[in-house]
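> next one to model:
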Amino acid sequence: MRKPVSSVELANWLGGELLGETRLVARLVPPGRPVEDGVAVAGSAKLLAALEGTRLAAVVVPENLATETSLPAIQVPDARLALAQLSALFDDRPREAPGLHPAATIHPSAELGPGVSVGPNAVVEAGAVVGANSIIGPGSVIGQGSQLGEGCHLHAKVVLYDGVRLGARATLHSGVVIGADGFGYAVSPHGLVKIHHLAGVEIGDDVEIGANASVDRGTLDPTRIGNRCKIDNNCLLGHNVQVGSDTVIAGKAGIGGSTRIGSRVLVSGGAILTDHITVGDDARISFCAMVTKDVPPGAVFSGSPAMPHRKFARRLYLLSRLERIWQMMKGLERD
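The predicted structure follows:
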């Protein structure tokens, strides 16, 4: 448990304002488990009402709810953003201590910056460069010539093939594989002939990739992921994919080879994007959509095959009326 802080300090740190008495706060708690030294975030009137009568040290609320509670309230412009900030402040999970575990294997030609931690059974291959204060978790592999910026965190059993470049402060969760060969073959009279993928993967700063996701290497030019992208668990990005900055790709999405995705795009869970298409900046791809053609900037596409969301919603509406039409037709036939 971290050292308690006053609710006034917390309000200042969040850029909010404390209404009510000052108390000490030692932990972030869910609204359903209030404790005396805890702070909870209530983004709705329903959650806030459930906390009335408790002894919470403070409750963080959006500005429109600040006067609706008798608890000490920290009013903020954005309650969800405050939750993100508090979750970082109160994250006391153990961190690997800096240093090289005796069971790690590090090639003599590899370069490790100051404060680097390499866990047991991890492997850092020839010519790899690991930036300052980065953490290489147990069983992870850094391939030949791969480069990590400062402050990266690779959890257990992450694999970077050769020629992968990570920017600063990248976070890769367990089971991530970056830089495996893409799925590419040529047809010959004697069967399939493998197309070798000779380029690597380039990933920008502040990128986070969830557990068991994979990003394939490029064929002749690198696969690229822009700054601050967030990729969820079990996603696949094929060879030569290009992703702009600040794009979010949710769980189990699959991106076909050579597809280009712009900046600030949201790809929802389970969506599939076929190869060689372009998704414009600020577009939205709905849950489980199957995208087979280009998506214009700012558009929202839904369905399978995916189409503009308004068109998709209208089709669903018309389909729902088929039962009534069928019953009407049966009645006319009997008449």
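> how many other residues sit next to residue 194?
Neighbours of residue 194 under the rule other Cβ atoms under 10 Å: 10. Bear in mind the C-beta positions are built from the backbone N, C-alpha and C, glycine included.
> spit out the contact partners of it.
181, 184, 185 (Cβ atoms under 8 Å, 6 or more residues apart in numbering).
> can you tell me which of those residues has the most neighbours?
Going by other Cβ under 10 Å, residue 184 tops the contacts of residue 194 with 18 neighbours.
> so what's that residue closest to, chain neighbours aside?
Here the nearest residue to residue 184 in space, its sequence neighbours aside, is residue 195; by Cβ to Cβ, 6 or more residues apart in numbering that works out to 3.9 Å.
> residue 242 versus that neighbour, what's the distance?
Residue 195 sits 19 Å away from residue 242 when distances are taken as Cβ to Cβ, to the nearest Å.
> what does the pLDDT read for the most centrally placed residue in the chain?
The centre of the chain sits closest to residue 230, judged by Cα atoms, centre = their mean, with a distance of 3.1 Å. Listed pLDDT for residue 230 reads 98.
> surely it meets residue 213?
No - taking Cβ atoms under 8 Å as the definition, residue 230 is not a contact partner of residue 213, at 10.8 Å.
> adding distance to residue 52, secondary structure and pLDDT, write the contacts of residue 194 out as a markdown table.
Below are the contacts of residue 194 laid out as a markdown table (distance: Cβ to Cβ, whole Å; DSSP: H, G, I helix; E, B strand; the rest coil; pLDDT from 0 to 100):
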| residue | distance to residue 52 | secondary structure | pLDDT |
| --- | --- | --- | --- |
| 181 | 58 | coil | 95 |
| 184 | 61 | coil | 91 |
| 185 | 64 | strand | 94 |
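> export the residues you listed to JSON lines and tack on distance to residue 104?
Converted to JSON lines, the contacts of residue 194 look like this (distance: Cβ to Cβ, whole Å):
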{"residue": "181", "distance to residue 104": "26"}
{"residue": "184", "distance to residue 104": "34"}
{"residue": "185", "distance to residue 104": "37"}
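> dump the residue contacts of the residue nearest to the centre of the chain.
Residue 230 makes contacts with 207, 208, 247, 248, 249, as judged by Cβ under 8 Å, 6+ apart.
> try 10 Å this time
When contacts are counted by Cβ atoms under 10 Å, 6 or more residues apart in numbering, residue 230 touches 171, 206, 207, 208, 209, 210, 246, 247, 248, 249, 250.
> just the buried residues of those.
Applying 16 or more other Cβ atoms under 10 Å to the contacts of residue 230, the neighbour count classes 171, 206, 207, 209, 210, 246, 247, 249, 250 as buried.
> and those, which of them are in strands?
Using DSSP state E, the subset of the buried ones among the contacts of residue 230 located in strands is 171, 209, 249.
> and those, which is closest to residue 92?
Among those, residue 171 lies closest to residue 92 (Cβ to Cβ), at 17.5 Å.
> which residues in the stretch 201-335 of the chain form helices?
For the stretch 201-335 of the chain, the helices defined by DSSP state H, counting those that start in this stretch occupy 309-320, 322-334.
> who touches the first one?
Residues outside helix 309-320 that contact it (Cβ under 10 Å, 6+ apart): 284-286, 289, 299-308, 325.
> who has more neighbours out of residue 195 and residue 242?
A direct count of neighbours by other Cβ under 10 Å for residue 195 and residue 242 places residue 242 higher, at 20 against 15.
> and the more buried one, what are its bridge partners?
Under DSSP bridges, the beta-bridge partners of residue 242 are residue 224, residue 260.
> pretty sure it sits against residue 276.
No - between residue 242 and residue 276 there is no contact under Cβ atoms under 10 Å: 11.5 Å.
> where do the contact lists of residue 230 and residue 213 overlap?
residue 249.
> quick one on the thing from earlier: just the contacts of residue 230 now: which is nearest residue 154?
If you rank the contacts of residue 230 by distance to residue 154 using Cβ to Cβ, residue 171 comes first, at 8.1 Å.
> list the contacts of the closest one.
135, 151, 152, 153, 154, 155, 206, 207, 208, 209, 210, 230.
> now the last one: how far from residue 322?
Spatial separation of residue 230 from residue 322 under the definition Cβ to Cβ is 40 Å.
> what's the burial count for residue 70?
Quick note: residue 70 (other Cβ under 10 Å) scores 9 neighbours.
> kind regards, and thank you for your time.
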